[in-house]
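1. Compute the structure for the input listed below.
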Amino acid sequence: MELIDTHCHLYDQALAEDIENIMQRAKAAGVCRFYLPAIDRQSEGSMLELEKRYPDICFAMQGLHPCSVRSDVNDALKHVEQSLASRLFAAVGEIGLDFYWDRSFEKEQYRAFHQQVDWALSLDLPIVIHSRDSIEQTIGVVREHQKGNLHGIFHCFNEDENAAKEIVALGFYLGIGGTVTYKKSKLLVALKNIPLENIVLETDAPYLPPVPFRGKRNESSYIVYVAEKLAEIKGMSVEDVAAITTANASRIFSKFNA
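-> Below you'll find the predicted structure:
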C-alpha cells in the first residue's frame, strides 16, 4: 500500500531533531512521497535543505503564504518570482487567503494570490491553496482565473458539501487531513457524496494531528489514520482509498512522479 502526503511541513523546527525517525516511520507506514509547501523566505532554507537530503521523495513548492503577506509584499513576491524562474518546483503554494488572524493586509493578500495564480498558469504548475475564514472569497478568485488550465488542491479542506462541490466543479482536489477524524468534523457529512477521485491525503505535519494524537505533534506516518477514516466514510477498503488518492496525487504533481 502506497500513500502520498501532499502537504507536510517536515522542515519545521518542531520536527528537526527527530526527522530521520519520522521519515523511517513514514516509510514503514507506506508513505512514498512528501510534498513540502513554502511559507516565506525565512523558512525556505530549511525546506530546500530537507528536499536536498531526501531528493527522491521530498519535493518543495514555492509561494508566499497569506499569513506571511505584510507591508513588504512587493519584495516577498519578487523573491518568489525569481525563485520560480530559477528551477522547477512541485507547485506554487501554499497560497491563498486567511482572514482568521488578521485582515490588516487583506488587499495585499488578494494581490499576492492573484499574482501567484498567474505565475502558476504561465508555468503550468498546480497551485496549493490555503483558505481560512475565506472559503467563498478563495473560490471566487479561483473561478475568476479558471479558463480550463488552472489545477491544484484546496489544502486542509474543512468546509461543507456545497463548498466541496463548488471546488470539485472548478477542477480542483480536496486535501483531506487529520480533521476528518475529529468527532464533530463537518467532513463526516461533506465527503459522503464527493467521489474519492476528487480527494488527496495530507497531514499538514506538524499541525492538525488525527485522533488518537490530538494535542500532540503530527507526522507523516499518521496519514494512515486519515486513509482509514475515509475508508469508513466511503464504505471501502483502506487499500482502495490509498490506491485512488495516490493516483490523484501523482496526477496533480505529474512533473515530479518518481
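
2. With just CA atoms, put stretch 225-237 into CSV.
-> Provided in CSV are the C-alpha atoms of stretch 225-237 (Å, rounded to 0.1, in the frame of the first residue of the first chain):
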residue,chain,number,x,y,z
TYR,A,225,-5.5,7.3,10.2
VAL,A,226,-6.8,9.7,7.6
ALA,A,227,-7.0,7.0,5.0
GLU,A,228,-8.7,4.7,7.4
LYS,A,229,-11.4,7.3,8.3
LEU,A,230,-12.0,8.0,4.6
ALA,A,231,-12.4,4.2,4.0
GLU,A,232,-15.0,4.2,6.8
ILE,A,233,-16.9,7.2,5.4
LYS,A,234,-16.9,5.7,1.9
GLY,A,235,-17.5,2.1,2.9
MET,A,236,-14.5,0.8,1.1
SER,A,237,-11.1,-0.8,1.9
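
3. Give me the residues contacting that stretch.
-> For stretch 225-237, contacts defined as Cβ atoms under 8 Å, 6 or more residues apart in numbering pick out 3, 176-178, 180-181, 187-188, 191-192, 196, 199, 201-203, 210-213, 238, 240-242, 245. Placement of C-beta: from N, CA and C, glycine included.

4. Mind checking which of those residues land in helices?
-> 187, 188, 238, 240, 241, 242, 245 (DSSP state H).

5. Relative to residue 172, which of those residues is nearest.
-> The nearest member of those to residue 172, counting by Cβ to Cβ, is residue 245 at 14.5 Å.

6. The closest one reaches residue 199, doesn't it?
-> Yes: using Cβ atoms under 8 Å, residue 245 is in contact with residue 199, at 5.9 Å.

7. Looking at these two, which one has more neighbours?
-> residue 245 (27 against 24; other Cβ atoms under 10 Å).

8. Tell me who's in contact with the more buried one.
-> 3, 4, 196, 199, 200, 201, 227, 230.

9. give me that answer again for 10 Å
-> Applying Cβ atoms under 10 Å, 6 or more residues apart in numbering, we find residue 245 in contact with 2-4, 6, 173, 176, 196-202, 223, 226-227, 230.

10. Any quick ChimeraX command for the buried ones out of the residues you listed?
-> To isolate the buried members of those in ChimeraX, using 16 or more other Cβ atoms under 10 Å:
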select :3,4,6,173,176,196,198,199,200,201,202,223,226,227,230
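
11. before we move on, back to that, list the residues that are in contact with both of residue 245 and residue 199.
-> 173, 176, 230.

12. quick revisit: can you add distance to residue 164 and give the ones in helices among the contacts of stretch 225-237 back as TSV?
-> Compiled in TSV, the ones in helices among the contacts of stretch 225-237 are given as follows (distance: Cβ to Cβ, whole Å):
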residue	distance to residue 164
187	9
188	12
238	21
240	20
241	17
242	21
245	15
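
13. Top of those residues by number of neighbours, please.
-> The ones in helices among the contacts of stretch 225-237, ranked by neighbours (other Cβ under 10 Å): first place residue 245, 27 neighbours.

14. do you know how far that residue is from residue 200?
-> Relative to residue 200, residue 245 is positioned 5 Å away (Cβ to Cβ, to the nearest Å).

15. now do residue 100
-> From residue 100 to residue 200 the distance is 23 Å (Cβ to Cβ).

16. what's the answer for residue 3, then?
-> Counting by Cβ to Cβ, the gap from residue 3 to residue 200 is 10 Å.

17. where do the contact lists of those two overlap?
-> Each of 245, 246, 249 lies in contact with both residue 3 and residue 200 under the rule Cβ under 10 Å, 6+ apart.

18. closest to residue 61 among those?
-> Nearest to residue 61 among those, with distances taken as Cβ to Cβ, is residue 249, at 13.3 Å.

19. No more questions from me, cheers.
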